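>>> turn this into a structure:
(chains A, B, C and D)
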Number of protein chains: 2
Amino acid sequence: MDKNLTFKQRQVLEAIRRFQQENGYPPTMRELAELLGMASAAGVHKILLMLQEKGVLRRGEGGKSRSYHIVGDEAGESGGRTRACPIIGKVVAGMPELAVEEREGELYLDSDWVGQEDIFLLRVRGHSMIDADIRDGDLLVVQLTQSCRNGDIIIAMLDEEATVKRFYKEKDRVRLQPENQSMQPIYIPIDDPTFRIIGKVKGLLRRY
Amino acid sequence: MDKNLTFKQRQVLEAIRRFQQENGYPPTMRELAELLGMASAAGVHKILLMLQEKGVLRRGEGGKSRSYHIVGDEAGESGGRTRACPIIGKVVAGMPELAVEEREGELYLDSDWVGQEDIFLLRVRGHSMIDADIRDGDLLVVQLTQSCRNGDIIIAMLDEEATVKRFYKEKDRVRLQPENQSMQPIYIPIDDPTFRIIGKVKGLLRRY
DNA sequence: AAAAAAAGTGAACATTTGTTCAAAAAACAC
DNA sequence: GTGTTTTTTGAACAAATGTTCACTTTTTTT
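Reported below is the predicted structural model:
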């Protein structure tokens, strides 16, 4: 979850997490300074202030020592950190009511990475998106949504079949562009009832 | 799990747990005293010493503040289903001793997906692997290992700098092939001491 | 009941920890 | 380039925190 944090700020946040993980309690500013190879606690102090301004770090009232704790890392440690995401082998008409029968498994993914929206994982078949660097066998992180902008990669239903295409809205039609030079775009009249947007692609997982 | 603890001692232990749960960090002795309705920190001090003797409580060396943590309540470990994978901003010479200073964050990933080996995540800079459908900004799942086969995508150190290349062992040299038609392969004598393999690419994460 | 262990108090003290300040260097945006 | 933000340093200071001590009270054990 990037929140306009600078590299250094993220580094400090990470050092706190790591210290906490390792010792069971949060570090002091001087301990942080040493971990990060800095010479003075004052620098750390300033960075912590910024992290608080940006809302990613909390402290006890008044200058309590070691009273840092990272927003979002509450309680269950990995409790809220990860979520189970279903892997769908085949997209069928009934979406988005994800039928259990279509589930081919599930993966636990970091909430920071996939976000909080309603998502599922879809395995890519074929090479229609190769120019967008999406390969056969890749897993797509798909967010269930109707709203998408020009240029988004979307999952759409067309004649009872699901496809991955890049989306462009034109004057009175929708253009679905396969990212493969050897394939032709598909044009959909704006009012075609057989056409339906399932969601848009938010991420990608690949294994070698 | 009673270890000849007095009622009071168990009460103090419970207060620490509760405070930690509620605030995200451990209490001071005076805070404990107040929680327990005691007037002085000295009493708490004495009890904490006993808890340490009996091995149910740990503290940092020297009089570190708030450095208590209850043995057996280790929070981390994250159930085994997921593991925390560090994100490395820059690969430096000292690998694989991952320097804290280089950590830019971490992601929890499914153990089934990344496996049990020693791994980290590396952010791709540049377009040298575009023909392998790896893009600028992607996160690579890198397994720390020396052994790699022809055709593997590896992370290698060359002159204090890290690169992502495809690996081919030839007769008396190694060929590092950038997967970008506009770039030339690099040839390394088999005994070049400045050449070092960090690991190989096992997976890829991308966010749109 | 007597003895021993544990718990509690208040004050002083030593150390750790957070905070501020002025100044400079580095990174970043325009 | 210029100007702005961020990062860094060193020192001093204030506040929080842990520690010790002598002593009293309570609880537990014998």
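>>> is the strand ranked longest in chain A anywhere near chain B?
For chain A, the strand with the greatest residue count under DSSP state E is strand A:195-207. Yes: judged by Cβ under 8 Å from any Cβ of the partner chain, strand A:195-207 and chain B are in contact via A:201, A:202, A:203, A:204, A:205, A:206, A:207. Quick note: C-beta positions are derived from backbone N, CA and C, even for glycine.
>>> pull out the buried residues from these.
A:201, A:202, A:203, A:204, A:205, A:206 (16 or more other Cβ atoms under 10 Å in any protein chain shown).
>>> out of those, which is nearest to DNA strand D?
Nearest to DNA strand D, judged by Cβ to the nearest atom of the strand, of those is residue A:203 at 26.6 Å.
>>> separation between the closest one and residue B:204?
11 Å (Cβ to Cβ, to the nearest Å).
>>> ok, residue A:19 next?
30 Å.
>>> domain map for chain A?
A:7-70, A:82-205 (automatic domain parsing).
>>> give me every residue that touches the most centrally placed residue in chain A.
A centroid search over chain A (Cα atoms, centre = their mean) returns residue A:114, at 2.5 Å, as the residue closest to the centre. When contacts are counted by Cβ atoms under 8 Å, 6 or more residues apart in numbering or on different chains, residue A:114 touches A:83, A:85, A:141, A:202, A:203.
>>> per-residue pLDDT, the residue nearest to the first one when sequence neighbours are not counted?
With Cβ to Cβ, 6 or more residues apart in numbering or on different chains as the measure, residue A:111 is the residue that lies nearest to residue A:83, at 5.4 Å, once sequence neighbours are left out. What the model reports for residue A:111 is a pLDDT of 85.
>>> now do residue A:72
65.
>>> please apply the same query to residue A:131.
88.
>>> surely it and residue A:179 touch.
Yes: if you go by Cβ atoms under 8 Å, residue A:131 and residue A:179 touch, sitting 3.9 Å apart.
>>> pLDDT of stretch A:193-207, averaged?
Mean predicted confidence for stretch A:193-207 is 87.
>>> let me redo that: stretch A:163-173
Stretch A:163-173 comes out at a mean pLDDT of 88.
>>> which residues sit against that stretch?
Contacts of stretch A:163-173 (Cβ under 8 Å, 6+ apart): A:122, A:124, A:128-129, A:132, A:134, A:140, A:148-156, A:174-179, A:186-190, A:197, A:200-201.
>>> buried residues of it, list them for me.
A:163, A:164, A:165, A:166, A:167.
>>> any idea how far residue A:141 is from residue A:26?
32 Å.
>>> what's near enough to touch residue A:148?
A:154, A:167, A:197, A:200.
>>> and DNA strand D, which of those residues contact it?
Near DNA strand D, judged by Cβ under 7 Å from any atom of the strand, there are no entries from the contacts of residue A:148.
>>> for residue B:39, state which of those is nearest.
The closest of those to residue B:39 turns out to be residue A:200 (Cβ to Cβ; 61.8 Å).
>>> residues in contact with the closest one?
Contacts of residue A:200 (Cβ under 8 Å, 6+ apart): A:142, A:143, A:145, A:148, A:152, A:153, A:154, A:155, A:167.
>>> ok, back up a step: the longest strand of chain A pairs with which strands?
Paired with strand A:195-207 in the same sheet, following DSSP bridges, are strand A:139-144 (antiparallel), strand A:153-158 (antiparallel), strand B:195-207 (antiparallel).
>>> sorry, back to before: burial measure for the residue nearest to residue A:83, as a count.
Residues contacting residue A:111 under the criterion other Cβ atoms under 10 Å in any protein chain shown number 16.
>>> please see if the longest helix seen in chain A touches DNA strand C.
Longest helix in chain A by number of residues, with DSSP state H as the criterion: helix A:7-23. Yes: applying Cβ under 7 Å from any atom of the strand, one finds helix A:7-23 in contact with DNA strand C at residue A:7.
>>> from the chain's centre, how far out does that helix sit?
Remark: helix A:7-23 is offset 21 Å from the chain centroid, using Cα atoms, centre = their mean, to the nearest Å.
>>> and the next element down the chain from the helix-or-strand element of chain A with minimal mean pLDDT?
In chain A, the helix or strand scored least confidently by mean pLDDT, DSSP states H and E is strand A:103-110, which has a mean of 74. Later in the chain than strand A:103-110, the nearest helix or strand by DSSP states H and E is helix A:111-114.
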